[in-house]
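**Q** let's see this in three dimensions:
(chains A, B and C)
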Amino acid sequence: MIFALVDCNNFYASCERVFNPKLEGKPIVVLSNNDGVIIARSNEAKALGIKMATPVFKVQNIIDRNNVHVFSSNYVLYGDMSHRVIAILKESAPEVEIYSIDEAFMKLDGIQENLTEFGRNIRKKVLKWTGIPVSIGVAPTKTLSKIANELAKKHPQFKGVLDLSCLPESKLDDLLAKVDISDVWGIGRRLSPMLRVHNIKTARDLKYASDQWIRKCINVLGLKTVHELRGIPCIQLEENPAPKQSIASTRSFGRPVMSLTELKQAVALYVTIATEKLREGRQIASAIQVFIHTNFHRQDQKQYSESAATMLPHPTSHSPTIVKSAHYLLDTIYKPGYKYKKAGIILTKLMPKDQIQLDLFKEHKENPHQEKVMQTLDKINSKHGRNTLSLAALGKTKPWKMRQLQKSKRFTTNWNETITI
DNA sequence: GCTAAATTCAGAC
DNA sequence: CTAACGGTCTGAATTTAGC
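**A** Prediction:
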């Protein structure tokens, strides 16, 4: 088998740069929702020592001194750019798995061409048509293609494309010996230190670890990783992802929230967001969880964190019904006197819309009227823009809504935002 | 003491 | 100027509940 992993370089930062070419060569960072932490950096920002997931205030002086350009995250823009990149990949190979907003696996079996050349062509095309630079790693397993991609990105001599599929074993091992254990797909912050203690420090060390030991000290996923490093494919390409099992919508607030009224407005908004996704996937939810908590980072303030869950009256995607349940749960967990920082809802026990499990003892049919109302609402909002029509429960002012002070325009999806001067 | 369900942990990006 | 630290999702392991 031959896999390719295509990964957009510094994706969010690159998207910002496409529509603002003056930023070429300049340091850029993109912030999380609520402008709290750094979630993407251009190469220039990385070179300044700005690390991933750092709270902005901790590197504010580096930002100021070096005139780093700072953006709030603009998911509408990034999502649209992602679609454009994926569309090009899909016309280049028959089997493509969209792995994340900035990554895709491709199956390259049966391609006669030299695979490095093939990769270079894709790279050129994506850059020309979208403005986004990508790196491509080719290998006999997904895990190795991830490593190939990392190496392609890191070492300029590969010009963005590295094919490990035709390398002799000893050469491959030399490369794997240069890959830190924490950079192996599936080895995270708990396993890396544990493995290092046992003298497994590189991808090569892990490749030659004993199966029994790995099974005992990690788990079956660890074993799969090891086999994949040996070139034995254990993780298949998933072109059609399984339907979602849960849908969450959770946000930090732009300022502390104390009142139940405001929490209810926020939670109603999160239900709206989650049920839109639910209906888009033609699913319905059977249960809901709600949680609230104070700011964990404020040791000077009293802390409170609670969650609660309930079954919905019947499986549904009707937002007013779900808001009612969410508000009921909020009533049970809310305690006055705390400064809440974050709230969220999670829809669970999802099922396909057309396969409602009928309860033997309950006379409940999905109300066709409710379904119609939701369809009409979705139609209006897709035609006239999100939020054209929304529940009164969201409130009008939303003083708690997240900060996004430095957001770029939605250049590719909104007519009013296409031109900048 | 078993299985099933719920919860927690760890991982990814 | 203040004060300031993401969001979504999955699969396995672990814990708890129900018999």
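**Q** every contact and neighbour count from this point should use C-alpha atoms.
**A** Will do.
**Q** who's in contact with stretch A:244-255?
**A** If you take CA atoms under 8 Å, 6 or more residues apart in numbering as the criterion, stretch A:244-255 is touched by A:33-34, A:270-271, A:273-274, A:277-278, A:341-350, A:399-403.
**Q** are any of those residues buried, and which?
**A** A:33-34, A:270-271, A:273-274, A:277-278, A:341-348, A:350, A:400, A:402-403 (16 or more other CA atoms under 10 Å).
**Q** now, those residues that are in helices?
**A** Secondary structure of these is defined by DSSP state H; positions in helices are A:270-271, A:273-274, A:277-278.
**Q** quick one: the helices in the stretch 151-300 of chain A, in order.
**A** Using DSSP state H, counting those that start in this stretch, the helices of the stretch 151-300 of chain A run over residues A:169-176, A:191-197, A:203-207, A:211-217, A:220-229, A:260-280.
**Q** what number of residues lie near A:I333?
**A** The local packing count at A:I333 equals 15, with neighbours defined by other CA atoms under 10 Å.
**Q** and the closest residue to it other than its chain neighbours, how far from A:K335?
**A** Distance criterion CA to CA, 6 or more residues apart in numbering; nearest residue to A:I333, sequence neighbours excluded, is A:E306 at 6.2 Å. Summarising the geometry, the distance separating A:E306 from A:K335, computed by CA to CA, to the nearest Å, is 10 Å.
**Q** could you pick out which of the contacts of stretch A:244-255 are near DNA strand C?
**A** Applying CA under 7 Å from any atom of the strand, the subset of the contacts of stretch A:244-255 adjacent to DNA strand C comprises A:33-34, A:342, A:344, A:346.
**Q** so which residues on the stretch 151-300 of chain A come close to DNA strand C?
**A** Residues of the stretch 151-300 of chain A lying close to DNA strand C (CA under 7 Å from any atom of the strand) are A:218-221, A:242-252, A:295, A:297-298.
**Q** ok, and what's touching stretch A:213-233?
**A** Residues from elsewhere that reach stretch A:213-233 (CA under 8 Å, 6+ apart): A:1, A:140-144, A:185-186, A:191, A:203, A:206-209, A:211, A:234-235.
**Q** mind checking the pLDDT average for it?
**A** Stretch A:213-233 comes out with an average pLDDT of 90.
**Q** need the distance between the two termini of it.
**A** Terminal residues of stretch A:213-233 lie 20 Å apart, using CA to CA.
**Q** what separates it from the chain centre, distance-wise?
**A** 25 Å (CA atoms, centre = their mean, to the nearest Å).
**Q** which residues sit in contact with A:E16?
**A** The contact partners of A:E16, taken as CA under 8 Å, 6+ apart, are A:S408.
**Q** about what we covered before: distance to A:T54 added to the helices of the stretch 151-300 of chain A, as a markdown table?
**A** Converted to a markdown table, those look like this (distance: least, CA to CA, whole Å):
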| stretch | distance to A:T54 |
| --- | --- |
| helix A:169-176 | 29 |
| helix A:191-197 | 20 |
| helix A:203-207 | 27 |
| helix A:211-217 | 31 |
| helix A:220-229 | 29 |
| helix A:260-280 | 26 |
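**Q** partners of the residue of the stretch 201-350 of chain A found nearest DNA strand B in the sheet?
**A** Closest residue of the stretch 201-350 of chain A to DNA strand B, CA to the nearest atom of the strand: A:A309 (7.4 Å). The bridge-partner assignment for A:A309, based on DSSP bridges, gives A:Q289.
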